[in-house]
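> the following comprises the amino acid sequence and a computationally predicted model.
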Amino acid sequence: MNRFIFFTLCLAVTMPVFSALASNNIALAKVEADRIEHVVSVDVKSHDDQVHLLLGKQIAGRDSVWYQSSLDAGETWSEAVEVSAGLSMPMRMSRGNDARLAVYGDQVFAVWMTKKEGAPHNAGPMMAMVSEDGGQTWHETSPADWEGAHGFFAVDASKAGIGLVWLDSRSRVGGGATQGLRYANSTDGGKTWSTNQTLDERSCACCWNTARYHDNELYVLYRDKDPSDMTLGKVTTTQQWQDLGTVGQFNWDFQGCPHIGGSVAFDGDMIHSTVGTAHPDHTGIYYLRSEDQGKTWSSPMQMGGETAVHSDLDARHDHVVMAWDRITETGFEVVVNYSLDKGQQWATDTLVSASGVGASHPRVIALADKALILWTEGQAKQAKTLRIQSISLP
């Protein structure tokens with residue numbers, strides 16, 4: 001079987017039946033309001049022990065973006081505020097090209113792709129909104145200095161400001177499915193933005209990116225080209241780009257786009273990461289860690305077998321929590337695992353979603369003694385149900 005079928009999600013073949021996962025000591029807990037309907041986009045962040053949630057929704061044929069937060073580790077949530085209230089430009093959001101969120105203090109930033117009928121893939125320029133009062137009121141801001149289509153955003157915030165990366169085609173180098181990786185930053189809460197900077201002229205055209213601040217430097221994980229492995233780089237405090245090299249050197253050569261990104265989390269100076277590949281000898285999701293700020297990496301550890309597709313992880317106080325979805329003969333389902341020793345040893349995989357519901361694109365937030373796992377359930381190209389599951393760690 002062509003293993004790339006798994007990554008492009010062309011499920012024209014019958015997958016093998018998976019046996020039930022062995023149970024372990026992950027304690028599952030119900031979270032109030034753990035089902036939210038009409039969801040097409042998800043992002044979640046944790047800052048100062050507060051969990052922040054940004055959802056794209058499709059209600060009665062209208063797209064909208066909503067923000068809410070939790071002060072009790074996801075047990076209860078504030079009333080949702082519509083970020084997109086009063087905006088007329090249609091939106092183009094989907095899992096894997098989600099609206100994105102950044103939080104620092106009372107500053108909250110949100111960005112998403114708009115829809116432009118007749119443009120390639122109906123993709124339009126970004127819409128960016130900022131709040132200075134913890135997400136209660138919002139106003140528009142303009143990070144981009146090029147008016148074409150922007151997408152596949154990654155953003156984070158710290159005392160250094162807001163750092164935003166995205167893909168666009170203002171310039172293209174070489175053949176295949178490729179765009180350029182662009183960057184802008186704001187040091188005044190999103191009021192003004194730097195001139196856009198190209199971090200890499202040739203990256204994958206449609207894989208999601210990840211950005212995390214650490215020591216006021218913005219680390220960016222993205223899918224490169226030639227080969228199509230994941231690359232980590234950082235924007236320094238002087239706004240210089242440093243390419244730190246490949247995370248998992250699979251040497252996968254593919255000129256299309258697999259629609260699969262990765263994840264990055266910091267625990268002290270240790271970097272934890274997940275990456276996906278469809279190399280014929282390495283198909284699936286892999287975990288790696290670096291103890292020298294991304295200069296070298298541990299050997300790739302496969303998680304979940306060759307049918308694992310979309311993944312995310314987070315880390316806190318030596319705990320690393322990871323989730324991924326995998327393809328079965330009844331569709332996607334979501335699996336969780338964790339490590340208590342900085343990723344050296346892992347527990348037994350735990351299935352957290354039901355079978356046959358199309359559960360995919362999990363997100364992970366690690367908290368003091370537990371974690372939140374979020375995923376969406378539903379059919380492709382339709383609004384979905386967001387599920388939120390709390391797990392207690394030993």
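Perfect, I can see it now.

> contacts, neighbours, all on C-alpha from now
Fine.

> pull up the distance across stretch 212-223, start to finish.
End-to-end distance for stretch 212-223, by CA to CA, to the nearest Å: 16 Å.

> neighbouring contacts of it?
By CA atoms under 8 Å, 6 or more residues apart in numbering, the list of residues contacting stretch 212-223 from outside reads 155-160, 163, 203-204, 207-211, 229-237, 261-266.

> could I have the buried ones of those as PyMOL selection syntax?
The PyMOL selection below is limited to those of the contacts of stretch 212-223 classed as buried (16 or more other CA atoms under 10 Å):
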select buried, resi 155+156+157+158+160+163+203+204+207+208+209+210+211+229+230+231+232+233+234+235+261+262+263+264+265+266
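
> show me the contacts of stretch 212-223 that map onto helices.
Among the contacts of stretch 212-223, no residue falls in helices (DSSP state H).

> what mean pLDDT does stretch 314-328 have?
The average pLDDT for stretch 314-328 rounds to 96.

> spit out the contact partners of residue 104.
By CA under 8 Å, 6+ apart, residue 104 lies in contact with 47, 157-159.

> closest to residue 343 out of these?
Nearest to residue 343 out of the contacts of residue 104 is residue 47 (CA to CA; 22.6 Å).

> so that closest one touches residue 101, yeah?
No - Residue 47 lies out of contact with residue 101 (CA atoms under 8 Å); the separation is 11.6 Å.

> between the two, which is the more surrounded one?
Ranked by neighbour count (other CA atoms under 10 Å), residue 47 and residue 101 place residue 101 first, with 27 against 13.

> got the contact list for that one?
Neighbour list for residue 101: 43-45, 53-54, 108-111, 155-156 [criterion: CA under 8 Å, 6+ apart].

> partners of the helix or strand containing it in the sheet?
Remark: residue 101 resides in strand 100-104, with elements defined by DSSP states H and E. When pairing is defined by DSSP bridges, strand 100-104 lines up against strand 107-115 (antiparallel).

> how far off centre is the strand it pairs with?
Relative to the mean C-alpha coordinate of its chain, strand 107-115 is positioned 14 Å out (CA atoms, centre = their mean, to the nearest Å).

> one more: stretch 379-390?
Distance, stretch centre to chain centre, for stretch 379-390: 15 Å (CA atoms, centre = their mean).

> and for stretch 147-163?
The chain centre lies 13 Å from the centre of stretch 147-163; the measure is CA atoms, centre = their mean.

> cool, stretch 197-208 as well?
For stretch 197-208, the separation from the chain centroid amounts to 15 Å (computed by CA atoms, centre = their mean).

> regarding the chain, what is its longest strand?
In the chain, with assignment by DSSP state E, the single longest strand is strand 35-47.

> what's the angle between that strand and strand 100-104?
40 degrees (axes from the mean of the first three to the mean of the last three CA atoms, to 10 degrees).
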